[in-house]
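> Okay, structure incoming, though there's no sequence with it:
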């Protein structure tokens, strides 16, 4: 692919890496909060000491960043756009939510019932044997992150969202 005169691959990749970095930062923060809120729904809370619980929360949050990063990339490749949260938020968001929720359902099943890496406390609501909280995590948080990216993109990247394409004051015609 030929680049425009005076540009380099680094200049071309910089916005992509900035968007992916912001996505990862937002995902880490929101998932850490979610993991802290849901930890009592796992047996870990009742049987482990504080440092082990803290390590599990960090470990799970970093894993969430990896899942979200992979799904961000899948959506970007499928839509052929690194700025899909601003240009095609519904389609990209659906790709992320469906992919991450499917992976989470498999991961929860595998780690609870096959590998025995963790277990659910009695208070965890279940959907077909899978914890409801981790499923909701991947339905709610990616949608919230798409909204956050759409709100932050004009400020951080100087881009316009589809809502900003109309002229000021909603006028679409010349003076009347």
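Yep, it's here. Keep in mind it's a predicted model, so treat the numbers as computed, not measured.
> Please, where are all the helices along the chain?
9-38, 44-47, 50-79, 84-87, 89-109, 132-157 (DSSP state H).
> so where is this protein shaky, pLDDT-wise?
1-10, 159-176 (pLDDT under 70).
> same thing but 90
1-20, 82-83, 86, 152-176 (pLDDT under 90).
> one step back: among the helices of the chain, which is nearest residue 115?
Closest approach to residue 115 among those (Cβ to Cβ): helix 89-109, 9.9 Å. For the C-beta atoms, the positions are set from N, CA and C on the backbone; glycine is no exception.
> which other residues reach the closest one?
67-68, 71-72, 74-76, 78-79, 84-85, 129-131, 134-135, 137-139, 142-143, 146-147, 150 (Cβ atoms under 8 Å, 6 or more residues apart in numbering).
> With stretch 64-81 instead?
Contacts with stretch 64-81, where a contact means Cβ under 8 Å, 6+ apart, come from 16, 20, 23-24, 27-28, 31, 35, 82, 84, 87-88, 91-93, 95-96, 99-100, 103-104, 137-138, 142, 145.
> Check stretch 40-49 too.
For stretch 40-49, the external contacting residues (Cβ under 8 Å, 6+ apart) are 39, 52, 53, 56, 118, 119, 120, 121, 123, 124, 131, 133.
> Let's have those in JSON lines, adding distance to residue 158.
Shown next, in JSON lines, are the contacts of stretch 40-49 (distance: Cβ to Cβ, whole Å):
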{"residue": "39", "distance to residue 158": "39"}
{"residue": "52", "distance to residue 158": "45"}
{"residue": "53", "distance to residue 158": "42"}
{"residue": "56", "distance to residue 158": "40"}
{"residue": "118", "distance to residue 158": "43"}
{"residue": "119", "distance to residue 158": "48"}
{"residue": "120", "distance to residue 158": "46"}
{"residue": "121", "distance to residue 158": "47"}
{"residue": "123", "distance to residue 158": "46"}
{"residue": "124", "distance to residue 158": "44"}
{"residue": "131", "distance to residue 158": "41"}
{"residue": "133", "distance to residue 158": "38"}
